[in-house]
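1. Could you work out the structure for the sequence below:
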Amino acid sequence: MIMQLYEQDLESVNARKRLYNRRCRRVILSQRSLWSVIYLTWPSKIVDLYLQRSRILDTERSNLTIRLDTRESGSSHRKAKLERWTKFLRQEMSNIQQLELKAHCEDSNSELLKAVDIPAPRLQSFTLHLDTGMDSIRSMFDRQAPLLRTARLYTDVPHDLSPFPVLQQLWLRVGADNAAGVLETLRNAPMLKEITIVGASDLIDLPVPLNPRHPIQLPACSALAIKSMTSCWVRYIISNVVCPQLECLDVCEGLASAPDNPFLVSIFATLPLLSSLYRSVPAEHKMTPVYLKLHQHQFIVNIPGYRFETNWNVFFRNDTVKLVDTISSAIVALMTSLELEPDALTIDNCIARPRRDRHAPLFLVKADLHRVLHQIFPTFSPVRGLSIMGSVTLVSPAILSRQTNLPNLSIVWVSRKLNKSNVEALNKRITTRQLRFVYC
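-> Predicted coordinates for the structure are as follows:
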């Protein structure tokens, strides 16, 4: 009797499991979005299965996301794989909404790259990675991708973006082969809202072209980022674009020389763009916090809507005094041109060495730090709260050595625990300024 009841209960449990599994299977099969993401390096049977289950109501339509890195599947049977991938793209390009393609030097002469020049009426996002030196793709989607909104083009090929009228987001790699036309590329995409330009390694020694006769108008651009480029190229781009709706500017450059300036820092060229950003800011909002990082071969300044970084780790000139003055002038120019009155300042100090490295003459040391701080402190006179990150004892003497340095300062936050002798030294100086140190 007990065994009979047990068997009945077990059969009931198994029946419920089968029913649950059937329901789960139906739900999974009905979720076409689960089947619409396809990696072409999968086995062909898996790709076909996903494609079949992504179809909309037994039609030939799908909303596909296709990803392909031609090296992920190894080198065996490569020719057959390229043919299969090419065939898929040619047959399904009309159903692809997102396409991510990464091709390499060995693919340069394949038919695969020609498949990118097929109309893509439903494409909304396209990412293209090509190895440096590859120029196999000159035209995209036969100039027919009317819904394309996002393009990430990590190539050295100059692209005409005019056929894509709703393009709003652009990531663009700029190298020796497409640098001369970078401004023209932007001119042909006036609806861009977010632009990121990344310099390639072969751009370092390339001279900048002449400025265009008229600046490039980017009326919709709200975010602009320029990274891994020398200051000469950053200045060239920044000086020739107009972004009246700009809300965020991010620059990361390598220091370079120009005929008119041995230490060219492009922060001065960014100021007109920032002026339009801060022109409408109410006076009370100009009490914005400022973040300043000082490193042996780098400085960063950050305020809301703006980040600027320059580094000179591969720059060789033996004139540290000129470099220090240039850094100080850049920081002061930023504060004064925007009429900022910050009430909070963060100094992230990574300078600790007392002597220079003879192999790197532009290696900033303690004396350079003090010189920078003394030159910029008058600009920060409204500051009431100061946060010090990194080496504290090298920053505090510059603050406390003059009554005119940060005259409104009342509280200092430090992020590093001090030893007893440092605390005693600070306490002696604090009494002259009535400052409160908080260790956090």
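2. His159 - how many residues pack around it?
-> The tally of other residues near His159 (other Cβ atoms under 10 Å) stands at 22. The C-beta positions use only the backbone N, C-alpha and C, and glycine is treated the same way.
3. pretty sure it is touching Asp135, no?
-> No - His159 is beyond contact range of Asp135, at 11.3 Å (criterion: Cβ atoms under 8 Å).
4. check contacts around Ser110.
-> With contact taken as Cβ atoms under 8 Å, 6 or more residues apart in numbering, Ser110 is in contact with 82, 86.
5. Can you pull out the residues in contact with whichever strand or helix holds Phe126?
-> If you go by DSSP states H and E, Phe126 is part of strand 125-130. Contact with strand 125-130 is made by 69, 97-103, 116, 120, 136-137, 140, 145, 148-157, as judged by Cβ under 8 Å, 6+ apart.
6. I'd say His295 and Ile351 touch.
-> Yes - the criterion here is Cβ under 8 Å, and His295 meets it with Ile351 at 6.7 Å.
7. Same drill for the two, tell me which one is more crowded.
-> Higher neighbour count among His295 and Ile351: Ile351, with 22 against 18, using other Cβ under 10 Å.
8. What mean pLDDT does the strand holding Phe126 get?
-> The pLDDT scores in strand 125-130 average 94.
9. quick one: strands adjacent to that strand?
-> Taking DSSP bridges as the criterion, strand 125-130 forms sheet pairs with strand 96-103 (parallel), strand 150-154 (parallel).
10. Figure out how far that strand is from the centre of its chain.
-> Strand 125-130 sits 16 Å away from the centroid of its parent chain (Cα atoms, centre = their mean, to the nearest Å).
11. Export only the CA atoms of that strand, formatted as CSV.
-> The C-alpha trace of strand 125-130 is given here as CSV (Å, rounded to 0.1, in the frame of the first residue of the first chain):
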residue,chain,number,x,y,z
SER,A,125,24.4,49.7,-35.4
PHE,A,126,27.6,48.8,-37.1
THR,A,127,31.0,48.0,-35.6
LEU,A,128,34.0,47.4,-37.9
HIS,A,129,37.5,46.5,-36.8
LEU,A,130,40.2,46.2,-39.5
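12. In contact with Gly133, which residues are there?
-> Gly133 touches 105, 156, counting by Cβ under 8 Å, 6+ apart.
13. Now for His295 and Ile351: what residues contact both?
-> Taking Cβ under 8 Å, 6+ apart as the criterion, His295 and Ile351 both touch Leu364.
14. which residues are contacting the helix or strand hosting Thr65?
-> Following DSSP H and E, one finds Thr65 within strand 64-69. Residues outside strand 64-69 that contact it (Cβ under 8 Å, 6+ apart): 36-41, 51, 54, 85, 88-89, 92, 95-102, 129.
15. ChimeraX command to pick out the buried ones of those?
-> Buried residues among those (16 or more other Cβ atoms under 10 Å), as a ChimeraX selection:
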select :36,38,39,40,41,51,54,85,88,89,92,95,96,97,98,99,100,101,102,129
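16. Now do Thr70 against Leu364, distance only.
-> Separation of Thr70 from Leu364 (Cβ to Cβ, to the nearest Å): 45 Å.
17. Counting neighbours, go ahead and name the busier of these two.
-> Neighbour count, other Cβ under 10 Å: between Thr70 and Leu364, Leu364 has more, with 25 against 20.
18. quick one, what contacts the more buried one?
-> With Cβ under 8 Å, 6+ apart, Leu364 has these contacts: 294-297, 320, 323-324, 351.
19. Helices - which of these land there?
-> 320, 323-324 (DSSP state H).
20. What ranges in the protein fall below the confidence cut-off?
-> 1-32, 57-60, 279-286, 357-361, 393, 396, 400-403, 416-433 (pLDDT under 70).
21. quick one: the helices in it?
-> Assigned by DSSP H, the chain shows helices spanning 2-30, 32-35, 44-54, 78-92, 182-187, 231-238, 267-278, 320-337, 366-376, 396-400, 420-433.
22. Mark which of the contacts of strand 125-130 are buried, thanks.
-> 97-103, 116, 120, 136-137, 140, 145, 148-157.
23. The strand holding Thr65 to strand 96-103, inter-axis angle?
-> Taking axes from the mean of the first three to the mean of the last three Cα atoms, to 10 degrees, one finds strand 64-69 and strand 96-103 inclined to each other by 0 degrees.
24. Just checking: what are the partner strands of strand 64-69?
-> Within its sheet, strand 64-69 is paired with strand 37-39 (parallel), strand 96-103 (parallel), according to DSSP bridges.
25. I'd like a version of those strands in JSON lines, one that adds distance to Leu203 as further columns.
-> Compiled in JSON lines, these are given as follows (distance: least, Cβ to Cβ, whole Å):
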{"stretch": "strand 37-39", "distance to Leu203": "32"}
{"stretch": "strand 96-103", "distance to Leu203": "21"}
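26. what's the offset of the strand holding Thr65 from the middle of its chain?
-> Put simply, strand 64-69 sits 23 Å off its chain's centre (Cα atoms, centre = their mean).
27. With stretch 119-133 instead?
-> 19 Å.
28. Now do the buried residues in that stretch.
-> Within stretch 119-133, the residues that count as buried by 16+ other Cβ under 10 Å are 120, 122-130.
29. Closest one of these to Leu170?
-> Nearest to Leu170, judged by Cβ to Cβ, of the buried residues of stretch 119-133 is Phe126 at 10.6 Å.
30. Look up how far Ile38 lies from the closest one.
-> In terms of Cβ to Cβ, Phe126 sits 16 Å off from Ile38.
31. same check, this time on Cys252
-> Distance check for Cys252 against Ile38: by Cβ to Cβ, it reads 35 Å.
32. same deal with Pro158?
-> 30 Å.
33. same check, this time on Met93
-> Distance of Met93 to Ile38, given as Cβ to Cβ: 13 Å.
34. ditto for Leu192
-> 29 Å.
35. Ok, Val174 next?
-> For Val174, the distance to Ile38 - Cβ to Cβ - is 31 Å.
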